Every structure is written in structure tokens, then in C-alpha cells.
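Enquirer: I would like the atomic coordinates for the input below:
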Amino acid sequence: MKTQDITEVKALLSAPKKIVIVPHRNPDGDAIGSTLGLMHYLKHYNHDVTVVSPNDYPHFLKWIPGESTIVKFDTQRKTSEELIKNADILFTLDFNALHRTGHDMGDFLKHSDALKIMIDHHQAPDDYAKYMYSDVTMSSTCEMVYNFIEMLGDANKISADIATCIYVGIMTDTGSFRFSSTTNRTHQVIASLIEKGANNTEIYNQVYDTNSINRLQLLGRALQNLKVVPEYNTAYITLSQAELDEFNFKKGDTEAVVDYALSVKNTILAAIFIENTQEGIIKISLRSKGDFSVNELSRNYFNGGGHTNAAGGRSESSLDDTVEKFITILPQYKSLLT
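Expert: Numbering: from 1, shown residues only. Coordinates of the predicted model:
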């Protein structure tokens, strides 16, 4: 973020404001951690701050400090719209295009008169924010929130609650610090968060060690469905709506399942295709190793995007047709995959 922008934002925040902080639809650990971390920081200066999420999120994020105050747009529409309409400042975190909040909420945000500030680490940001802190090299939006607070000269204001929120997002978005986006700076930030009161063991247990039997059995089915395309160093998983129903699927149950496909020896590209009959779509998660860009593949073929090594997408075709489309485009990428 430019020095001039920081100076102006600091001046903006010098007197109490009505502020709404928004994550993307189907928020993950980075989205919830960053929004709540920023909320706690802004409340320190007596701002009237609310996090308005487009919809619900997995149970393993429902212990994070301040989570119970989150308003959900899809089930608390009137309250959400009132908060957004009255906001002086609108922070959008962990996404960079308003449609990522869903069609209805995206339209509402677009017409909001609030001053907009974006903090995000995804590629190709839209031009809707007055102030934009966008950096694709960052491990997570949570690491950027830490930097943002530091740029404002307030690293000493990071409490144990803020540290916990930020730690969650960095941990989840870096695959527990193993992805290539994890830098020496990331580890310095993590060390600082632990120093400020983040309990790393407890945070890991709350996020990763609360599996239900159904979730583990669904993982078993996903692994049974794992297919490998060795000539393109590609692996993929499918889950039908019937299979999700069989194991009483809950939001978050398929989180990180695609990483098992990427862990197959010699695999460069991995995907999971999940049927959602309620929305009439196939949800797609893509992962890769090295320089192969799943962001580009998803933008070109599956109405999505994200990062070089991690992206999401969607298809309105059937599960079988979506998988067939995926397989038929692989030859175009042969030189990059082999």
C-alpha cells in the first residue's frame, strides 16, 4: 500500500466511523480470520464495526474470537442491508470482485455509497475500491491484515484475540505453512502472533482435530473415487450429491480433500468436482505444483480463478460432462504438465 494511501486511511480512521467488513461467499479460514482480526483492531478505536458474511461457514471456524457477532446476509437480509446502507467505510477482505459475495449481495455492495477499502491477495482485482492493498505474493489476507495494522503504526495494539484470528488464516491458507507462498516473513509474523498470545497448538486442534465420523467416511469415499491420468500427471476426485447425502455432508466437510489428489506421486495438477444439486452447479477446486497456473485454467474454462497453485471454479453441466470437459482440455497443457 502506498505511503500516501496509508496516511489517508489513518486520517479516515482517526474518528469513530460505522464500518462493515465483508468476506467472500463460502468464507474459509483466511476470510473469517482476516475479517474478525480487523474487526477487533478497529473496535480498539471505538469504531462501530460489524462483519457481514454472505453466508455460513464450517463449524471448525465457529470458535474464533468474535465469531458469534457475524451477521449473515443470506439469512439476515434486512439487518445486513441496513448495516451496509449506513456504513461510512466498507472493507472487502480476501476477494477482489464484488460478485464473489454472490449475485444479490454483490449488487447491493456495488450500489453502496460507503468508501471502499480492499485487502486481498488474489490475481486480477476489479477496480471498485478507493484504497486497494492487493499483493498476489502474500501467503494470505491475514498476513496482509497484520501488515496493514503494522503500516498504521499499531503492531503493539495486536491483542491475543487479534493474533488468534490472524494465525488461523495464515495457517489454513498456507496448508499449515507448507505452501510455496510461505516466506521467511510469514514465519516472522507467526512468531510475533505467538508472542502476542496466539496458542498455536490449540488453534490447530480447533481447526483440524474436530472431524466427525461422517466427514472421515466421506473422505474415504472421495479417495475411492480418486482417478489418475498419468500421461498428463493429473489426478482428480469426484463426489456426487448422492454420495454427499449418504454421509450427511456439512459445509466444510470437503475442505482440503483435493490436496490428497495432489499428493499422488508425480502429480502436477489436481482437481475435485463436487455436485451441488441445490445450486445446480458442480463446484470445482484446483491445485497444482510448480509454475502450472490453475488460476489461468479456471478463468479460461470454469468461470473461476484464484492463485497460480490454488483456484476454484464452477460448471453448470452435469458431473460427468464437467469431468469429460476437464479431461479433454488436458492435451492443450501437455507441454506444461509433462
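Enquirer: per-domain residue ranges of the chain.
Expert: Listed domain ranges for the chain are 3-208, 213-337 (source: automatic domain parsing).
Enquirer: so of those domains, which one's packed in deepest?
Expert: Using mean count of other Cβ atoms under 10 Å, the stretch among the domains of the chain with the largest mean neighbour count is domain 3-208, at a mean of 19. The C-beta positions use only the backbone N, C-alpha and C, and glycine is treated the same way.
Enquirer: quick one: mean pLDDT over that domain.
Expert: Average pLDDT, domain 3-208: 97.
Enquirer: what about that domain, start to end distance?
Expert: This stretch, domain 3-208, spans 38 Å end to end (Cα to Cα, to the nearest Å).
Enquirer: can you give me how far that domain is from the chain middle?
Expert: Mean-position distance between domain 3-208 and its chain equals 10 Å (Cα atoms, centre = their mean, to the nearest Å).
Enquirer: would you map the helices across the stretch 1-150 of the chain?
Expert: Listed in chain order, the helices of the stretch 1-150 of the chain (DSSP state H, counting those that start in this stretch) span residues 3-12, 29-43, 77-86, 103-110, 141-151.
Enquirer: what is the second one packed up against?
Expert: The criterion is 3 or more Cβ pairs under 8 Å, 6 or more residues apart in numbering; DSSP states H and E, and the helices and strands that helix 29-43 contacts are strand 18-22, strand 48-53, strand 89-93, helix 141-151, helix 160-173.
Enquirer: how does it look with 10 Å?
Expert: strand 18-22, strand 48-53, strand 89-93, strand 115-120, helix 141-151, helix 160-173, helix 200-208 (3 or more Cβ pairs under 10 Å, 6 or more residues apart in numbering; DSSP states H and E).
Enquirer: nearest to residue 303, out of the helices of the stretch 1-150 of the chain?
Expert: Set against residue 303 and scored by Cβ to Cβ, the helices of the stretch 1-150 of the chain come closest in helix 103-110, at 13.0 Å.
Enquirer: pull the residues that contact that closest one.
Expert: Taking contacts as Cβ atoms under 10 Å, 6 or more residues apart in numbering, the residues outside helix 103-110 that touch it are 20, 22, 25, 52-55, 73-74, 77, 80-81, 84-85, 90, 92, 95, 97-102, 116, 128.
Enquirer: go again using 6 Å as the cut-off
Expert: Around helix 103-110, the neighbours that count as contacts under Cβ atoms under 6 Å, 6 or more residues apart in numbering are 54, 73, 98-99.
Enquirer: before we move on, back to that, out of the helices and strands packed on helix 29-43, nearest to residue 320?
Expert: Across those (criterion: Cβ to Cβ), the nearest stretch is helix 160-173, sitting at 31.5 Å.
Enquirer: ok, and what's touching the closest one?
Expert: Around helix 160-173, the neighbours that count as contacts under Cβ under 6 Å, 6+ apart are 29-30, 33-34, 36-37, 40-41, 64-65, 140, 142-143, 146, 193, 196-198, 203.
Enquirer: beyond it, next helix or strand please.
Expert: Toward the C-terminus, helix 160-173 is succeeded by helix 184-195 as the next helix or strand (DSSP states H and E).
Enquirer: now do that following helix: which elements does it pack against?
Expert: The criterion is 3 or more Cβ pairs under 6 Å, 6 or more residues apart in numbering; DSSP states H and E, and the helices and strands that helix 184-195 contacts are helix 141-151, helix 160-173.
Enquirer: now do the first one against helix 184-195, angle only.
Expert: For the pair helix 141-151 and helix 184-195, the angle between their directions (axes from the mean of the first three to the mean of the last three Cα atoms, to 10 degrees) equals 80 degrees.
Enquirer: could I get the helices and strands packed on helix 184-195 as a markdown table with distance to residue 133?
Expert: What follows is the helices and strands packed on helix 184-195, written out as a markdown table (distance: least, Cβ to Cβ, whole Å):
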| stretch | distance to residue 133 |
| --- | --- |
| helix 141-151 | 6 |
| helix 160-173 | 15 |
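Enquirer: okay, the contacts of helix 103-110 in CSV with distance to residue 249 next?
Expert: Formatted as CSV, the entries for the contacts of helix 103-110 read as follows, by distance: Cβ to Cβ, whole Å:
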residue, distance to residue 249
54, 20
73, 22
98, 28
99, 25
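Enquirer: show me the two of these that sit farthest apart.
Expert: Using Cβ to Cβ, these reach their maximum pairwise distance at 73 and 99, which is 13.7 Å.
Enquirer: ok, residue 234 - contacts?
Expert: Applying Cβ under 6 Å, 6+ apart to residue 234 gives the contacts residue 269.
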